[in-house]
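[1] Here's my sequence, what's the structure:
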Amino acid sequence: EEEEEEGEGDEAGPEGALGKSPFQLTAEDVYDISYVMGRELMALGSDPRVTQLQFKIVRVLEMLETLVNEGNLTVEELRMERDNLRKEVEGLRTEGSAASREVDLGPDKMVVDLTDPNRPRFTLQELRDVL
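    Residues are numbered from 1 along each chain as shown. Model (predicted):
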């Protein structure tokens, strides 16, 4: 009885795995669930129906373990893809900021630095008109 009370109070223990969200399960949680189920089945005795049920439960737990492992692999692949995309976006941002400094405006265009005291104040046409 003392061991059961300790296990129930500990969220990381075997019983804690049953309280988790299905999306948070790990392979260790499936093993903990298997342990809890096995303990319960042992308490029921050696009735042939219990033995048949035990084989079915083992098969379901194996399938659950496979799904959990595949889900964890998918999550890891998505994290890796996310990290790669972040690096790519960062690279594009640095290239974009470097390219924006070298803007090609095309013909008949001029870039003027407004902080330059010697910048042109009038257009060429305005100077012609004044002269």
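
[2] how far does stretch 113-131 stretch from start to finish?
    Across its full length, stretch 113-131 reaches 25 Å between end residues, using C-alpha to C-alpha, to the nearest Å.

[3] and that stretch, how far from the chain's centre?
    Stretch 113-131 sits 56 Å away from the centroid of its parent chain (C-alpha atoms, centre = their mean, to the nearest Å).

[4] got a list of contacts for it?
    Around stretch 113-131, the neighbours that count as contacts under C-beta atoms under 8 Å, 6 or more residues apart in numbering are Val112. All C-beta spots, glycine's among them, are computed from the backbone N, C-alpha and C.

[5] Can you tell me which helices and strands the helix or strand hosting Thr74 packs against?
    Element membership for Thr74, per DSSP states H and E: helix 48-101. On a contact count with 3 or more C-beta pairs under 8 Å, 6 or more residues apart in numbering; DSSP states H and E, helix 48-101 meets helix 27-44.

[6] any idea of the mean pLDDT for the helix it packs on?
    What helix 27-44 shows for mean pLDDT is 90.

[7] Would you mark the buried spots in that helix?
    Taking 16 or more other C-beta atoms under 10 Å as the neighbour-count basis, helix 27-44 is seen to contain the buried residues 29-30, 32-34, 36-37, 41.

[8] helices and strands around it, which ones?
    Helix 27-44 makes packing contacts with helix 14-18, helix 48-101 when contacts are defined by 3+ C-beta pairs under 8 Å, 6+ apart.

[9] 10 Å instead, please
    helix 2-9, helix 14-18, helix 48-101 (3 or more C-beta pairs under 10 Å, 6 or more residues apart in numbering; DSSP states H and E).

[10] Just list the residues touching the spatially most central residue of the chain, thanks.
    In the chain, the residue lying closest to the centroid (C-alpha atoms, centre = their mean) is Arg79, at 4.5 Å. Residues in contact with Arg79 (C-beta atoms under 10 Å, 6 or more residues apart in numbering): none are found.

[11] where does the closest residue in space to Leu64 that isn't next to it in sequence sit relative to Thr115, distance-wise?
    Residue nearest to Leu64 in three dimensions, not counting chain neighbours: Val30, with 5.4 Å by C-beta to C-beta, 6 or more residues apart in numbering. Val30 sits at a distance of 67 Å from Thr115 (criterion: C-beta to C-beta, to the nearest Å).
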